[in-house]
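1. here is a sequence together with a model predicted from it:
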Amino acid sequence: MGKSKVLVVGGTGYIGRRIVEASLKQGHPTYVLQRPEIGLDMDKIQLLLSFKKQGAHLLRASFSDYHSLVDAVKHVDVVISAMSGVHFRSHNLLLQLKLVEAIKEAGNIKFLPSEFGINPARMGHALEPGRVTFDEKMVVRKAIEEAKIPFTYVIANCFAAYFAANLSQMGILFPPTDTVNIYGDGNVKAVYMDENDIATYTIKAVDDPRTLNKTLYARPPDNILSQRELVQKWEKLTGKQLQKISVSEQDFLASMKGMDFVGQVGVGHFYHIFYEGCLTNFEIGENEEEASNLYPEVKYTRMDDFLKVYL
């Protein structure tokens, strides 16, 4: 039996482009949705053409033309949505629900929806306004399961470029040079994942019956680190000690005041990760799997090695 044909929706996005590359690398017939909405965005056009040069197929379809979307989905066995919607979540929700309807009509197609972060099923208690990002993912899950569409939910935890490279500081994407804010005592465990490893695990799960209708966590043991442990790795690499400023839970939440919507969402998510420990304060259970356990052949990137590029 050949490998499944994979369609990536949002293939020019941050995680989507990595999923396209991983799909091609692992030998899947790979399709990328080419949406007219990209307009004159030359970077995205060039990226699509580079995918085509590597062997991917471009499928033209628009979310405003439902029939074109159904026709595109009918070409493949698996659809992976990598659409980002951090600034316009309601818009993302509508697009994903349209995609669910198209998959339902096409029939017999597995779906991996846009998740790749914190498991929304565990975030019913999340702070406003950030909880909307979890609530809307659960709306999509409900639509998938009611339509009886085969699925895998991929929980990737913290993207390393956004959470490890900056030593988990908000508002910057490079390591701080002198001082570092430590959330509470800094000992709460998080999970840091190289984005290319996330893509690799995602494609590994495509044809794996062990992940069918299950939640797949990317939670390899060596990447389960506290913020203090992450900072120590950076200090060891640089040979320089950073001044550590402890930020209390109350002061951290108070910083939300006066921020725009996106900033408030970010504070809420950081709070759940670094004060509450929402990524690691539970055991992986029934109908759940852990990626590094299923795929020990993948040599995932440890954060020591990830941080070296920032020296």
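-> Structure received.
2. any idea which helix or strand in the chain has the lowest mean pLDDT?
-> helix 89-106 (a mean of 90; mean pLDDT, DSSP states H and E).
3. next secondary structure after that helix?
-> strand 110-112 (DSSP states H and E).
4. got the contact list for that following strand?
-> 4, 77-81, 99-100, 103, 144, 149-154, 202, 205-206, 212 (Cβ atoms under 8 Å, 6 or more residues apart in numbering). To be clear about C-beta, it is placed using only N, CA and C from the backbone, and glycine gets the same treatment.
5. let's go with 10 Å and repeat that
-> With contacts defined as Cβ atoms under 10 Å, 6 or more residues apart in numbering, strand 110-112 is touched by 4, 6, 8, 19, 73, 76-82, 96, 99-100, 103-104, 140, 144, 147, 149-154, 202-203, 205-207, 211-213, 216.
6. enumerate every residue touching the residue nearest the centre of the chain.
-> Centroid-nearest residue in the chain: Phe116, 2.4 Å away (criterion: Cα atoms, centre = their mean). Applying Cβ under 10 Å, 6+ apart, we find Phe116 in contact with 14-16, 19, 80-82, 84, 153-157, 159, 193, 195, 198-199, 202, 218.
7. among those, which ones are buried?
-> For these, a neighbour count by 16 or more other Cβ atoms under 10 Å gives the buried set as 15-16, 19, 80-82, 153-157, 159, 193, 195, 198-199, 202, 218.
8. sitting in strands, which of these do you find?
-> Taking DSSP state E as the definition of strands, these contribute Ile80, Ser81, Tyr153, Val154, Ile155, Phe159, Met193.
9. now for the residues you listed: which two are most distant?
-> Greatest spatial distance in those: Ser81 and Met193, 18.6 Å, computed using Cβ to Cβ.
10. any low-confidence regions in the chain?
-> Within the chain, the ranges that satisfy pLDDT under 70 run 1, 85-89.
11. can you show me the helices along it?
-> For the chain, the helices defined by DSSP state H occupy 16-25, 42-54, 66-73, 89-106, 131-146, 160-163, 195-206, 227-238, 249-254, 261-271, 291-294, 303-307.
12. can you list the ones you listed in CSV and add distance to Gly184?
-> As requested, the helices of the chain are exported to CSV (distance: least, Cβ to Cβ, whole Å):
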stretch, distance to Gly184
helix 16-25, 32
helix 42-54, 40
helix 66-73, 46
helix 89-106, 28
helix 131-146, 21
helix 160-163, 16
helix 195-206, 27
helix 227-238, 9
helix 249-254, 6
helix 261-271, 10
helix 291-294, 27
helix 303-307, 20
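13. and Pro36, which of those helices is closest to it?
-> Pro36 lies closest, by Cβ to Cβ, to one member of the helices of the chain: helix 66-73, at 9.6 Å.
14. elements contacting that closest one?
-> Secondary-structure packing of helix 66-73 (3 or more Cβ pairs under 10 Å, 6 or more residues apart in numbering; DSSP states H and E): strand 6-9, strand 30-34, strand 57-60, helix 89-106.
15. repeat that for 8 Å
-> strand 57-60, helix 89-106 (3 or more Cβ pairs under 8 Å, 6 or more residues apart in numbering; DSSP states H and E).
16. deepest-packed of these, please.
-> helix 89-106 (a mean of 19; mean count of other Cβ atoms under 10 Å).
17. got the CA coordinates for that one in CSV?
-> Only the C-alpha atoms of helix 89-106 are listed here, as CSV (Å, rounded to 0.1, in the frame of the first residue of the first chain):
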residue,chain,number,x,y,z
ARG,A,89,-9.6,33.8,15.4
SER,A,90,-13.2,34.0,14.3
HIS,A,91,-12.2,34.2,10.7
ASN,A,92,-10.0,31.1,11.2
LEU,A,93,-12.9,29.3,12.8
LEU,A,94,-15.1,29.9,9.8
LEU,A,95,-12.5,28.7,7.4
GLN,A,96,-11.9,25.5,9.3
LEU,A,97,-15.6,24.8,9.5
LYS,A,98,-15.8,25.2,5.8
LEU,A,99,-12.9,22.8,5.4
VAL,A,100,-14.7,20.3,7.7
GLU,A,101,-17.8,20.5,5.5
ALA,A,102,-15.7,20.0,2.3
ILE,A,103,-14.0,16.9,3.8
LYS,A,104,-17.3,15.5,5.0
GLU,A,105,-18.7,15.9,1.4
ALA,A,106,-15.6,14.4,-0.2
